[in-house]
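> Following is a predicted model, sequence given first.
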Amino acid sequence: MSAVERRLAEKGITLPPANAPVANYVPYVLTGSLLFVSGQVPAREGKMQVTGRLGDGVSLEQGYQAAQLCGLNLIAQAKAALAGDLDRVRRVVKLGGFVACTPEFTDHPKVINGASDLMVEAFAEAGRHARFAVGAPSLPLGAAVEIDALFEIG
Amino acid sequence: MSAVERRLAEKGITLPPANAPVANYVPYVLTGSLLFVSGQVPAREGKMQVTGRLGDGVSLEQGYQAAQLCGLNLIAQAKAALAGDLDRVRRVVKLGGFVACTPEFTDHPKVINGASDLMVEAFAEAGRHARFAVGAPSLPLGAAVEIDALFEIG
Amino acid sequence: MSAVERRLAEKGITLPPANAPVANYVPYVLTGSLLFVSGQVPAREGKMQVTGRLGDGVSLEQGYQAAQLCGLNLIAQAKAALAGDLDRVRRVVKLGGFVACTPEFTDHPKVINGASDLMVEAFAEAGRHARFAVGAPSLPLGAAVEIDALFEIG
């Protein structure tokens, strides 16, 4: 078991199986030392867990949990890309965070923190990343959050 | 003629001329082996072909066609960047897909597939890419779709 | 003083201090020769300067100014990342531009030009970049614009 998964296990968190893409693309591409992971939604074993919009029925806490699940799915994809060895991740470089929300919503950072906090829990210092957090009127399959990621691999 | 263009020609598809940027930026930047192509809209010879929003008058089929045209424009830019030799593309690494849509729309993946399917038709295995697909309230000049791309060059 | 800052000073522009992230992430990550800078909003010394939506009270000129301030904040972060030496920037590779706007708004390119024009003023030929410009229903803390950046470092 990788050090990354041990750290998560200590917090009572287990990685889900990697979700299959919902269309004609692949979940990750490795080019040089850069691992690009496709946008992940808050689904578990193919079932969407958090749908709807922030500012319109989805609470900040639900949004944070949705972003955390996106983060777990990103790590699960990285694990699949690295044949199980998450300790090859040298750095979480960047997260791109999209929050389904109303025009009045302003707390996108607090939502995407669900994934950002997870990356630091999982990868410690190597988990500190650049990111953007923005709004979207809607996301695939009604997802409340979608996040993609770039990892540096050693 | 590159193998890429031959594959497209067999499907009756010809590359359009590369569109000029609509503002003060460049259509692509090559850094190391990475070719970043600016966001492309469904325009042909400078004329926008598909405007409006998915879920509000623009059908899934029109959205798919719009994404395909974005994809053709991305490949046309890559061709210009590579002095015509598209066979230098080692991998389509990532597409970033934005769909102009209503808050109720949920089929973003089916729209962006217009570009994803094209990449696999054009580049075969090397065309399989990571991506995100998200919504936007509106896009430049009323475009229904905007997609940017990252290619790995050999 | 770097040549970059001298060019800006000739135009009467001084770099602001780098803003602190508003959540659990870092303002930039350097991997190989690539410097990824987190999404910047039009804030100065922690205070948001331009809030609201284009097409709903925020004018094109205000949007352009907001994007310019995002650009200044991106350059300020790059300066911090490079221990003050902005002349190590070999190329502005890419800007990702998000404009808070209504569904009817179509002038995203003219808004993001505020940052694109600044990059060319600051870095001359090396400032010419790829980019995308898209809409968002809302952005963090009500910001009118958010832009992230990728620089190539020598």
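Yep, that arrived. Residues are numbered from 1 along each chain as shown, chains lettered A, B, ... in the order given.
> can we go C-alpha only for contacts and neighbour counts from here?
Noted.
> any idea how far residue B:5 is from residue A:118?
Residue A:118 sits 44 Å away from residue B:5 when distances are taken as C-alpha to C-alpha, to the nearest Å.
> same question but for residue A:130, I mixed them up
Taking C-alpha to C-alpha as the measure, residue A:130 falls 37 Å from residue B:5.
> ok, these two, which is more surrounded?
residue A:130 (27 against 20; other C-alpha atoms under 10 Å in any protein chain shown).
> Report the buried residues of the helix ranked longest in chain A.
Ranked by residue count and defined by DSSP state H, the top helix of chain A is helix A:60-81. With burial defined by 16 or more other C-alpha atoms under 10 Å in any protein chain shown, the residues of helix A:60-81 counted as buried are A:62-81.
> How about the residues of chain A by chain B?
Within chain A, the positions lying close to chain B (C-alpha under 8 Å from any C-alpha of the partner chain) are A:22-31, A:36-39, A:98, A:136-142, A:146, A:148.
> please redo it, this time with the cut-off set to 7 Å
Those residues of chain A that sit near chain B, judged by C-alpha under 7 Å from any C-alpha of the partner chain, are A:23-29, A:36-39, A:136-142, A:148.
> Helices of chain A, residue ranges please.
A:3-10, A:60-81, A:108-123.
> residue contacts, residue A:101?
For residue A:101, the contact set (C-alpha atoms under 7 Å, 6 or more residues apart in numbering or on different chains) comprises A:53, A:54, A:55, A:135, A:136, A:137.
> related to what we said a few turns ago, also near chain C: which of the residues of chain A next to chain B, exactly?
With respect to chain C, and counting by C-alpha under 7 Å from any C-alpha, the subset of the residues of chain A next to chain B in contact is A:136, A:137.
> Just the buried subset of the residues of chain A next to chain B, please.
Neighbour counting with 16+ other C-alpha under 10 Å marks A:24-29, A:36-39, A:136-142, A:148 as buried within these.
> So which of those residues belong to strands?
Where those overlap with strands, as defined by DSSP state E, the overlap consists of A:28, A:29, A:36, A:37, A:38, A:39, A:136, A:148.
> And the fifth one, how far from residue B:15?
It stands for residue A:38. With distances taken as C-alpha to C-alpha, residue A:38 is found 27 Å from residue B:15.
> One more: the last one?
Distance check for residue A:148 against residue B:15: by C-alpha to C-alpha, it reads 30 Å.
> Centroid-wise, who is the farthest residue in chain A?
Most distant residue from the mean C-alpha position of chain A: residue A:104, 24.3 Å away (C-alpha atoms, centre = their mean).
> could you measure the closest residue to it other than its chain neighbours against residue A:106, distance?
Spatial nearest neighbour of residue A:104, chain neighbours left out: residue C:138 (6.7 Å); criterion: C-alpha to C-alpha, 6 or more residues apart in numbering or on different chains. Applying C-alpha to C-alpha, the value for residue C:138 to residue A:106 is 7 Å.
> same thing with residue A:25?
With distances taken as C-alpha to C-alpha, residue A:25 is found 32 Å from residue A:106.
> Can I get the top strand by length along chain A as PDB, trimmed to CA atoms?
Counting residues, the longest strand found in chain A (DSSP E) is strand A:89-100. These are the backbone C-alpha positions of strand A:89-100, laid out as PDB (Å, rounded to 0.1, in the frame of the first residue of the first chain):
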ATOM      1  CA  VAL A  89       3.400  11.400  -7.600                       C
ATOM      2  CA  ARG A  90       6.000  14.100  -7.000                       C
ATOM      3  CA  ARG A  91       3.600  17.000  -7.000                       C
ATOM      4  CA  VAL A  92       0.000  17.800  -7.400                       C
ATOM      5  CA  VAL A  93       0.500  20.700  -9.900                       C
ATOM      6  CA  LYS A  94      -2.900  22.100 -10.600                       C
ATOM      7  CA  LEU A  95      -6.600  21.600 -10.100                       C
ATOM      8  CA  GLY A  96      -9.200  23.100 -12.400                       C
ATOM      9  CA  GLY A  97     -12.500  23.500 -10.400                       C
ATOM     10  CA  PHE A  98     -16.000  24.100 -11.800                       C
ATOM     11  CA  VAL A  99     -18.900  24.700  -9.500                       C
ATOM     12  CA  ALA A 100     -22.500  24.400 -10.800                       C
END
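> what's the angle from it to helix A:60-81?
140 degrees (axes from the mean of the first three to the mean of the last three C-alpha atoms, to 10 degrees).
> got the residues of chain A near chain C?
Taking C-alpha under 7 Å from any C-alpha as the criterion, chain A approaches chain C at residues A:93, A:102-109, A:113, A:116-117, A:128-132, A:134-137.
> now with 8 Å?
Where proximity means C-alpha under 8 Å from any C-alpha, the interface of chain A facing chain C comprises A:93-94, A:101-110, A:113, A:116-117, A:128-137, A:152.
> Would you mind checking those for buried ones?
Buried subset of those (neighbour count, 16+ other C-alpha under 10 Å): A:93-94, A:101-103, A:105-110, A:113, A:116-117, A:128-137, A:152.
> re earlier: just want the angle from the longest helix of chain A to helix A:108-123.
40 degrees.
> Going by contacts, tell me the helices and strands next to helix A:60-81.
Where contact means 3 or more C-alpha pairs under 8 Å, 6 or more residues apart in numbering or on different chains; DSSP states H and E, helix A:60-81 is packed against strand A:28-31, strand A:34-40, helix A:108-123, strand A:145-153.
> what would these look like in JSON lines with distance to residue C:124 and mean pLDDT?
Formatted as JSON lines, those follow (distance: least, C-alpha to C-alpha, whole Å; pLDDT from 0 to 100):
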{"stretch": "strand A:28-31", "distance to residue C:124": "30", "mean pLDDT": "98"}
{"stretch": "strand A:34-40", "distance to residue C:124": "29", "mean pLDDT": "98"}
{"stretch": "helix A:108-123", "distance to residue C:124": "33", "mean pLDDT": "97"}
{"stretch": "strand A:145-153", "distance to residue C:124": "29", "mean pLDDT": "98"}
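> now the spatially most central residue of chain A, nearest residue through space, not along the chain?
To find the centre residue of chain A, average its C-alpha atoms and take the closest one (C-alpha atoms, centre = their mean): that gives residue A:71, at 2.4 Å. The spatially closest residue to residue A:71, leaving aside those adjacent along the chain, is residue A:115, at 4.7 Å (C-alpha to C-alpha, 6+ apart).
> burial count for the one you found?
Counted with other C-alpha under 10 Å, residues neighbouring residue A:115 total 26.
> OK, contacts around the closest residue to residue A:122 other than its chain neighbours?
Of all residues not flanking residue A:122 in the chain, residue A:4 sits nearest, at 5.2 Å (C-alpha to C-alpha, 6+ apart). Under the criterion of C-alpha atoms under 8 Å, 6 or more residues apart in numbering or on different chains, the neighbours of residue A:4 are A:86, A:87, A:122, A:123.
> and of those residues, the nearest to residue C:43?
Minimum distance to residue C:43 across these is 30.2 Å, recorded for residue A:123 (C-alpha to C-alpha).
> Cross-check the contact I'm expecting between residue A:111 and residue A:71.
No. With contact defined as C-alpha atoms under 8 Å, residue A:111 does not reach residue A:71; the gap is 11.8 Å.
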